[in-house]
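Asks: Only the shape, not the letters, is given here:
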């Protein structure tokens, strides 16, 4: 009887490993297109914030360079 319980436990572990649990698949994805769309939008927003920050840094460097150039003249 103990062997049967262990066998069922092992089988259920491997079986549930591939099942969808709480809407998420094993690889972290989901089958809900709305949720996937939300994740993509959030990722796009994060990329846009990073790009805006990088642009602000470039502009600040350019302004500093321009200011230093006018001081030398």
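Replies: It's in. These figures come from a predicted structure and were not determined experimentally. Numbers count the residues shown, from 1 in each chain.
Asks: gap between residue 67 and residue 57?
Replies: Computed as C-beta to C-beta, to the nearest Å, the residue 67 to residue 57 distance reads 16 Å. Every C-beta, even on glycine, is put in place using the N, C-alpha and C of the backbone.
Asks: do residue 66 as well
Replies: From residue 66 to residue 57 the distance is 15 Å (C-beta to C-beta).
Asks: where do the helices sit along this protein?
Replies: 2-17, 33-72 (DSSP state H).
Asks: per-residue pLDDT, residue 51?
Replies: At residue 51, the pLDDT value in this model is 95.
Asks: Also residue 31?
Replies: 73.
Asks: Can you get me a residue count around it?
Replies: Look at residue 31: counted by other C-beta atoms under 10 Å, it has 10 neighbours.
Asks: Would you reformat the helices of the chain as TSV and include mean neighbour count?
Replies: Listed next are the helices of the chain as TSV, based on neighbours: other C-beta atoms under 10 Å:
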stretch	mean neighbour count
helix 2-17	9
helix 33-72	10
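Asks: Worst mean pLDDT among the ones you listed?
Replies: Among the helices of the chain, helix 2-17 scores lowest, with a mean of 54.
Asks: Kindly report the domain assignment for this structure.
Replies: Domain ranges of the chain: 1-28, 32-73, per automatic domain parsing.
Asks: For residue 35, see how far away residue 65 is.
Replies: Taking C-beta to C-beta as the measure, residue 65 falls 45 Å from residue 35.
Asks: let me fix that: residue 55
Replies: 31 Å.
Asks: just residue 52 next, same as before
Replies: From residue 52 to residue 35 the distance is 26 Å (C-beta to C-beta).
Asks: Repeat that for residue 69.
Replies: On the measure of C-beta to C-beta, residue 69 and residue 35 end up 51 Å apart.
Asks: ditto for residue 71
Replies: 54 Å.
Asks: Kindly report the same for residue 53.
Replies: 27 Å.
Asks: cool, residue 73 as well?
Replies: 58 Å.
Asks: Equivalent analysis for residue 57, please.
Replies: Distance from residue 57 to residue 35, by C-beta to C-beta: 33 Å.
Asks: Could you do residue 51 as well?
Replies: 25 Å.
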